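Undergrad: just need the structure, nothing else, for what follows:
(chains A and B)
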Amino acid sequence: MSTKPTYDDLLKDITDRAKALWGEGKAAEMTAALESTARQMVDIDRVMPRVDVEPGFYQ
Amino acid sequence: MPEPFQLSVAEAAGEIRQGNLSPVELAQSLLARIDALDPSLKAWVTIDREEVLSEAKRREDELGQGGPKGPIHGVPVGLKDIYYTAGMLTACGSRINADFVPDYDATTVSRIKGAGGIILGKAVTTEFAMSDPSPAVNPWNAAHTPGGSSSGSSVAVAARMCAAALGSQTGGSTCRPAAYNGIVGLKPTYGRISRYGVVPVSWSLDTVGILVRTVADAAVMLQVLAGHDPQDPGCPDQPVPDYLEEMGRLNGPPRIGLIREFFYDQSTVEVRSHTDAAVEKLAEAGAIIQEISLPESFSSAHSCQRVVSNVECAAFHEESYRDRADEFGPRIRSSIEVGMLIPSVRYVQAQRARRQFRADMMAMVQQVDVVLMPGIQAPAPRDLNTTGNAMFQQPWTSSGLPSIVVPSGLAEDGLPLAIQLAGLPWDEGKLLAAAGWCESVLGVNLSPPDYS
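TA: Below you'll find the predicted structure:
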């Protein structure tokens, strides 16, 4: 069974952060951006490299 | 000889070296051109005419005293308004930086001056090189976006207000506006040109970009700018070859890897058939065309680019955002806010995925000399609330591989189209050679009709 966070998990996480930082109203205004960001994070998780691949930073 | 403002970098520098053109005449011609066109094209934000003319006079005097200082002696160059220029406003298209005057020159600015170039002025940028549109106007059709974020630099080169300008690329900000405006845009390998003194969007993605009208000019400008800078931790000590010599080293037509996957899927029918026609022409001239496939890691490349860009943008602007959030435009503000929310583990995973992606893209490109795809999905959109879509450029920025767009013709609506080529890291020589070959086979030299 996959232990990777789901789209819903990731969206809830960043939405909760938005509410904590700026309140419910602002978080609601950001819905489209938050959904898009959650999709991006799911995308990245889907094709993760082997565990020995280090971050690139300065390529 | 044509009017001085029409000359390319190589032509102008050649005429100056031979004594047929004075740096002052060239500067005067470009300033007159700017006076005539910029009220409608809005490509420039700061031009110090007296300083430009006094520098031109100094360059003229130097010619008589010891000869040219370098390959662009006497040639004025435009700078996107995110490059530090000592004593000159660097506003970044923003209210936050509206009064910012750096006290030193970016390394790139110093290198232009060291090669005999003249800083012509600062070109309009989108706010902090992000995606809130700038006031610059597309010279091909004012109802269409000129693209961004290097909008002023691209418009200025396309409309012959300068032969070369610097842009930058974090997503698609050099090659996309170049394609929209019918000029050549070069995004070198990440780290090939110093970013020191360039206001960042995202440290690990930002790449200095070159906007010119010919591939040979891209080589000349890269020669001036490339090379190690200890002030930029991402700019390593890699050898810098003689790019013009490398361009001449191509032994026959190149082996070109055509990438239809994704790039054709995302293009209009017109762009697909236009690219096919261009490829056919290249094949008829002898290019070996081989269709190649993208690696699996390509599927997350755009997402990695967005996540990394937003997080690093948030980190850079955190302090300004805390005190002056309302002074940011809506799109950069949204990027900062989203970047502040992305968990650190997700950011690091994006950077790990990018490293794998770079290795996979290098393995793909190694099968051929260069890869080719459409430069843009469609001509510049008829929408001034956007700078267009960077999805054809983001993979090359994210992987750090060098890429170049070369004009390939006009769409039915009269707007420019382009092909995009990419090569291996640090091998801009081969990329420029192949791009120059394609440019010469296609024989497309675009000039906006209302500004010709």
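Undergrad: any low-confidence regions in the stretch 1-150 of chain B?
TA: Of all residues in the stretch 1-150 of chain B, none has pLDDT under 70.
Undergrad: tally of neighbours for the residue of it found nearest chain A?
TA: The minimum distance from the stretch 1-150 of chain B to chain A, using CB to the nearest CB, falls at B:Ser131 (12.5 Å). For the C-beta atoms, the positions are set from N, CA and C on the backbone; glycine is no exception. Neighbourhood size, B:Ser131 [other CB atoms under 10 Å in any protein chain shown]: 22.
Undergrad: that one: what's it in contact with?
TA: Shown in contact with B:Ser131 (CB atoms under 8 Å, 6 or more residues apart in numbering or on different chains): B:148-149, B:331-332, B:335, B:386-387.
Undergrad: one more time with 6 Å, if that's ok
TA: By CB atoms under 6 Å, 6 or more residues apart in numbering or on different chains, the contact set of B:Ser131 is B:331, B:387.
Undergrad: likewise B:Asp81?
TA: Contacts of B:Asp81 (CB under 6 Å, 6+ apart): B:45, B:91, B:122, B:125.
Undergrad: need these in JSON lines (columns: secondary structure).
TA: Formatted as JSON lines, the contacts of B:Asp81 follow (DSSP: H, G, I helix; E, B strand; the rest coil):
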{"residue": "B:Val45", "secondary structure": "strand"}
{"residue": "B:Ala91", "secondary structure": "coil"}
{"residue": "B:Lys122", "secondary structure": "strand"}
{"residue": "B:Thr125", "secondary structure": "coil"}
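Undergrad: out of those residues, which is most surrounded?
TA: Busiest of the contacts of B:Asp81 [other CB under 10 Å] is B:Thr125, holding 31 neighbours.
Undergrad: return the backbone torsion pair for that one.
TA: Per-residue torsions, B:Thr125: phi -130, psi 160 (degrees, to the nearest 10).
Undergrad: ok, B:Leu415 next?
TA: The phi/psi pair for B:Leu415 (degrees, to the nearest 10) is phi -100, psi 150.
Undergrad: can I assume it is in contact with B:Ala378?
TA: No. With contact defined as CB atoms under 6 Å, B:Leu415 does not count as touching B:Ala378 (9.0 Å).
Undergrad: of the two, who's got more company?
TA: B:Leu415 (23 against 18).
Undergrad: so which bits of stretch B:32-51 are buried?
TA: Neighbour counts over stretch B:32-51 (16 or more other CB atoms under 10 Å in any protein chain shown) mark B:33-34, B:37-38, B:41-45, B:47-48 as buried.
Undergrad: show me the contact partners of that stretch.
TA: B:5, B:31, B:81, B:89, B:121-124, B:135-137, B:139, B:152, B:155-156, B:159, B:161.
Undergrad: one more: stretch B:380-399?
TA: B:131, B:133, B:138, B:143-145, B:147-148, B:169, B:171-172, B:175-176, B:180, B:205, B:301-302, B:304-305, B:354, B:357-358, B:361, B:377, B:403, B:415, B:422.
Undergrad: could you give the separation of that stretch from the chain centroid?
TA: Remark: stretch B:380-399 is offset 13 Å from the chain centroid, using CA atoms, centre = their mean, to the nearest Å.
Undergrad: mind checking the end-to-end distance for it?
TA: One end of stretch B:380-399 sits 25 Å from the other (CA to CA, to the nearest Å).
Undergrad: mind listing what's buried along it?
TA: B:380-381, B:387-399.
Undergrad: one more: stretch B:275-283?
TA: B:275, B:278-279, B:282.
Undergrad: which members of these are the farthest-apart pair?
TA: The two members of the buried residues of stretch B:275-283 with the most space between them (CB to CB) are B:Thr275 and B:Leu282, at 10.5 Å.
Undergrad: ok so, going back, list just the nearest of the contacts of B:Asp81 to B:Arg255.
TA: Nearest to B:Arg255 out of the contacts of B:Asp81 is B:Thr125 (CB to CB; 37.1 Å).
Undergrad: contacting residues around the closest one?
TA: B:Thr125 makes contact with B:80-82, B:93, B:149, according to CB under 6 Å, 6+ apart.
Undergrad: ok, A:Gln40 next?
TA: Taking CB under 6 Å, 6+ apart as the test, what A:Gln40 contacts is B:303, B:306-307.
Undergrad: out of these, which are inside helices?
TA: If you go by DSSP state H, the contacts of A:Gln40 have B:303, B:306-307 in helices.
Undergrad: good, we can wrap up now.
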